[in-house]
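Student: Output the structure for:
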Amino acid sequence: MHSSPSTSSLWRPWTPITQQAESLRIVEARGNRVRDADGNWYLDGISGVLNASCGHGHPRLIEAASRQFRQLVHYDPMVSSHDPAETLASRLAELLPGELNETCLLNSGSEATEAALRIALQYWRNIGEDRNRVITFEAAYHGTTYLAQQLSGLPFTVSEWVPPFPIDHVALPAPAREMRTEESADALIARFARALESGPPAAAVMAEPLLGLGGCVVLPAGFLARLRKLCDDHGALLILDEVFCGFGRTGRMFGFDHDGITPDIVTMSKGISGGYVPLAAVAVTSSIKETFVREPVVQGLRYGHTTGGHAVASAVANTVLDIMADEKLVENSATQGAALLDGLRKLASSPLITDVRGLGLVVAVETDSPESGAAIAAAAARAGVMTRHERGVIRIAPPLTLTGDDTAEAIEKFGDAVDVASS
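Tutor: Numbering: from 1, shown residues only. From the prediction side, this is the model:
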């Protein structure tokens, strides 16, 4: 029998055990800023992790949650639907293009990935075809449940266990800083074409419109449109992961809106509820859902969670959509994102900086080494700007409520941080 430890603590994910006690403790958030336990306020450049579209502590979202708590907290979705979830599904159908009219509500991006893949593979069984191969980016990130981790080739998420079906990973043909040219688009499409042409027919291709944890890679303009055609030519479903990009982060409502395409399946989370409460969604075309009447066990979707489409979360999400429209947050993301990118591009002359790229209100500053990235991120935090650093790439993704003054402050303080790290 193991002896009990003398103390207990929160085991935080993705953090070395030896560093957990030294980590920053955030205790308050208001608008576009957060405060630590020592009373220091920071401009929040990490909100993109939650996709805090409406900023922190928005009174309309607090009231929406409180109102729904008083009326109906939740009810088992296998027994009954409820108004907040029904309303949200209808509103998503209005926002999404084409036949993306059918929505399943869940709790997290990882769950959305699991559901999307189950739907895609079952679809082919429903119509009598034996397809189960999935193609993704090697630098993809689609979550950390067992199935979702199998989709990634990133060192820190790649799974050591055998996947339950064939998964092929497509590597980038060039470094991230070189991936915005027409030549790189041609090379990338050629790689996806080879993946589709080799092996048995693919069930689906799954991709992010912007590779977030894979290095914040801005894909070439028009790539998704060409990938859409490639999938059509080979009969494969196109699944787009909008967990990070969706709901205004890239300066359009959805990342795929930049290419004007309609995927077959879309996964969503984070921004759908402004980061306030856990919520996720998978939207599919009506033609895909209609085949599930042939599913042999329940004649429907055999996937879901008790708290999926939680009534309070759905009520918050509906209010997020209201706020985004009323405050023109998608437009603000495009405007302030362009200003932030333009201001930070001036740092490219620093010997520590190898690239500055972005789309909407997500900007990545690539450094010459992980050590340089860590030094700059630490200096930026001391100056009052929180950023996220991963393997030499610093990502700045503030709330979509960022103001012009906030943008100017971020540019100035981050520039100072680069100067400090350089010296």
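
Student: looking at the chain, which helix or strand does the model trust least?
Tutor: helix 146-150 (a mean of 86; mean pLDDT, DSSP states H and E).

Student: Now it: buried residues?
Tutor: For helix 146-150, burial by neighbour count (16 or more other CB atoms under 10 Å) applies to L147, A148, Q149, Q150. Every residue, glycine included, has its C-beta placed from N, CA and C.

Student: quick one: that helix to chain centroid distance?
Tutor: 16 Å (CA atoms, centre = their mean, to the nearest Å).

Student: List the strands paired with the very next helix or strand once past that helix, with their directions.
Tutor: As assigned by DSSP states H and E, the chain's next helix or strand after helix 146-150 is strand 167-170. Strand pairing for strand 167-170, determined by DSSP bridges: strand 133-137 (parallel).

Student: Quick one: residues in contact with the partner strand.
Tutor: Contacting residues not belonging to strand 133-137 are listed as 117, 120, 142, 151-153, 165-172, 192, 195-196, 199-208, 211, 214, 236 [CB atoms under 8 Å, 6 or more residues apart in numbering].

Student: which of those count as buried?
Tutor: Buried among those by 16+ other CB under 10 Å: 117, 120, 142, 151-153, 167-170, 172, 192, 195-196, 202-208, 211, 214, 236.

Student: In strands, which of the residues you listed appear?
Tutor: I167, D168, H169, V170, A202, A203, A204, V205, M206, A207, L211 (DSSP state E).

Student: which of those lies closest to G343?
Tutor: The shortest gap between G343 and any of those belongs to L211, at 23.4 Å (CB to CB).

Student: Could you verify my assumption that the closest one touches F244?
Tutor: No: checked against CB atoms under 8 Å, the pair L211 and F244 is beyond contact range at 9.4 Å.

Student: Which of the helices or strands spans the nearest residue to C216 once chain neighbours are set aside?
Tutor: For C216, ignoring the flanking residues on the chain, the nearest one in space by CB to CB, 6 or more residues apart in numbering is A364 at 3.5 Å. Under the criterion of DSSP H and E, A364 resides in strand 363-367.

Student: Go through the helix or strand just after that strand and flag the buried ones.
Tutor: Once the chain leaves strand 363-367, the next helix or strand it forms, by DSSP H and E, is helix 370-383. Neighbour counts over helix 370-383 (16+ other CB under 10 Å) mark S372, G373, A374, A375, I376, A377, A379, A380, A381, A383 as buried.

Student: what's the offset of helix 370-383 from the middle of its chain?
Tutor: 24 Å.
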